[in-house]
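Asks: this one's structure only:
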């Protein structure tokens, strides 16, 4: 890859940060796909940062727990967040759009990847998005959305329904006592 | 054939990942919906990952004290000593604060607004709260200088203190200068101090400034007796003073660590006056008028403007 021209902005530029921007790493997914990414974007993942620091990077970083499709998404996220000109507002907007279109299966893969790669901002965003799928929903609805089958007996289900009745007694109704 | 890409084993996700997802749900959902989905989710909700941060402030505001006590015991037990943040409103029982304190080995942030705990109990608890860095004792009317002193002596990591008062609740008090002095003498490490509507004089504030050399934010909004000389304040270059005028025109930069200035209505006594007054006990008003204490011209606009304030955003000018 051609080396970009150094582009002095007139301010004090940290030479180390500058180096990270121009240095490229290669990430290799579980299914063998390779992606190049600038070091400054890659190290937004704490796990990758640690690998780079320990110098076990050596050109190609294998990520055996992340498949190619998921890694491509994660890299899109990292690139946006490492972008120079992007304002916080812009990033927030990006984050929202980034997760809003994800299906349940994708959310699952991304939350695992973000967890493994230790990307805090992405984790927070994806977790919130997953939780949104449960908000104000019934137990049955949540099971359907998440493809989970109940492993309770009907008796257990009945009992659990009542377990926390004491905590919301009289909260919904206007009963005076 | 492989499973369709839409089918993932959500019930097999590890408990800590699940716990952190459930954290985004309301208390009611976490306790009454999630655990009924499947056994593994139920197990995750019973474990510590959901409960490192317990925020039941909103729920507790509408719940009876004994129910709040029961809930606290249950959730704190689940946190297995990993509790880092706790926020609960209107804590009434002595046992509860002691229970919190005995499980506070990892606690950093403790918010107890509107609680009824008193000085002796808080004094007892303070000894076990040595790890906290943020403490909110706003609107706790039974707490005074003695409790603050105990906290200052034992909680050496404390850097943020909120002790905001409700203007209608302090009218029975002559002064809270002793509280300010307790802060000045025992909490020299404070960075953020919010004491809106605390009944204090300028001299007490000067003591605080002289002793708490790390202060970056001092909020004295509504402390009408405070009159700080600008030149004097300038001797503390890192310090930002807000108030005593109640005008919502400060910039929010750098305030994030201070406390939850989460959007909605003003975080001060305001939502109290605007929201809670109508449905709370009318006695408070009666007391106000019956009180022999000369009514200071101070808060009169509270009544005039109560309705205007519902929007909660604009702070009216002081008279």
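Replies: Arrived safely, thanks for sending. Model, not experiment: these values are computed from the prediction. Residues are numbered from 1 along each chain as shown, chains lettered A, B, ... in the order given.
Asks: Checking the residue positioned nearest the centre of chain A next. Helix, strand or coil?
Replies: The centroid of chain A falls nearest to residue A:122 when counting by Cα atoms, centre = their mean (3.1 Å). Three-state assignment for residue A:122 (DSSP: H, G, I helix; E, B strand; the rest coil): helix.
Asks: doesn't residue A:74 make contact with it?
Replies: Yes: using Cβ atoms under 8 Å, residue A:122 is in contact with residue A:74, at 7.1 Å. In this view, the C-beta of every residue, glycine as well, is placed from N, C-alpha and C.
Asks: show me what contacts the residue nearest to the centre of chain A?
Replies: A:74, A:77, A:110, A:114 (Cβ atoms under 8 Å, 6 or more residues apart in numbering or on different chains).
Asks: now the strands for the chain?
Replies: All of this refers to chain A. Ranges of strands in chain A, per DSSP state E, are A:24-28, A:34-38, A:60-62.
Asks: that answer is for a different chain, and I need it for chain B
Replies: Under the criterion DSSP E, strands of chain B are mapped to B:53-55, B:85-87, B:109-111, B:134-136, B:160-162, B:192-194, B:217-219, B:240-242.
Asks: Now mean neighbour count too, for the ones you listed, in TSV please.
Replies: Below are the strands of chain B laid out as TSV (neighbours: other Cβ atoms under 10 Å in any protein chain shown):
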stretch	mean neighbour count
strand B:53-55	17
strand B:85-87	20
strand B:109-111	21
strand B:134-136	22
strand B:160-162	22
strand B:192-194	23
strand B:217-219	23
strand B:240-242	17
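Asks: Which among the ones you listed is found nearest to chain A?
Replies: In terms of Cβ to the nearest Cβ, the element of the strands of chain B nearest to chain A is strand B:53-55, at 13.2 Å.
Asks: picking up where we left off before, out of the strands of chain A, deepest packed?
Replies: Greatest average neighbour count among the strands of chain A goes to strand A:24-28 (a mean of 18), per mean count of other Cβ atoms under 10 Å in any protein chain shown.
Asks: Just name whatever secondary elements that strand is in contact with.
Replies: strand A:34-38, helix A:39-42, helix A:46-53, strand A:60-62 (3 or more Cβ pairs under 8 Å, 6 or more residues apart in numbering or on different chains; DSSP states H and E).
Asks: closest one to chain B among those?
Replies: helix A:46-53 (15.2 Å).
Asks: For residue B:72, give its distance to chain A.
Replies: 11 Å (Cβ to the nearest Cβ, to the nearest Å).
Asks: Turn the strands of chain B into JSON lines, including distance to residue B:232 and mean pLDDT.
Replies: Converted to JSON lines, the strands of chain B look like this (distance: least, Cβ to Cβ, whole Å; pLDDT from 0 to 100):
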{"stretch": "strand B:53-55", "distance to residue B:232": "39", "mean pLDDT": "95"}
{"stretch": "strand B:85-87", "distance to residue B:232": "35", "mean pLDDT": "97"}
{"stretch": "strand B:109-111", "distance to residue B:232": "32", "mean pLDDT": "97"}
{"stretch": "strand B:134-136", "distance to residue B:232": "27", "mean pLDDT": "97"}
{"stretch": "strand B:160-162", "distance to residue B:232": "22", "mean pLDDT": "96"}
{"stretch": "strand B:192-194", "distance to residue B:232": "17", "mean pLDDT": "95"}
{"stretch": "strand B:217-219", "distance to residue B:232": "12", "mean pLDDT": "94"}
{"stretch": "strand B:240-242", "distance to residue B:232": "10", "mean pLDDT": "91"}
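Asks: Put together CSV for the ones you listed, with distance to chain A on each row.
Replies: Conversion of the strands of chain B to CSV gives the following (distance: least, Cβ to the nearest Cβ, whole Å):
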stretch, distance to chain A
strand B:53-55, 13
strand B:85-87, 16
strand B:109-111, 18
strand B:134-136, 21
strand B:160-162, 23
strand B:192-194, 23
strand B:217-219, 22
strand B:240-242, 22
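Asks: Name all residues that make contact with residue B:58.
Replies: Residue B:58 neighbours (Cβ under 8 Å, 6+ apart): residue B:89.
Asks: rewinding a little: which single one of the contacts of residue A:122 is nearest to residue A:28?
Replies: Closest approach to residue A:28 among these (Cβ to Cβ): residue A:74, at 13.2 Å.
Asks: For that closest one, give me the pLDDT.
Replies: Residue A:74 carries a pLDDT value of 96.
Asks: close enough to count as contact, it and residue A:111?
Replies: No: using Cβ under 8 Å, residue A:74 makes no contact with residue A:111, being 11.0 Å away.
Asks: can you give me how far the lowest-mean-pLDDT helix or strand in chain A is from the chain middle?
Replies: Lowest by mean pLDDT, DSSP states H and E among the helices and strands of chain A is helix A:15-22, with a mean of 72. Put simply, helix A:15-22 sits 25 Å off its chain's centre (Cα atoms, centre = their mean, to the nearest Å).
Asks: near chain B too, which of the contacts of residue A:122?
Replies: With Cβ under 8 Å from any Cβ of the partner chain as the criterion, the subset of the contacts of residue A:122 in contact with chain B is empty.
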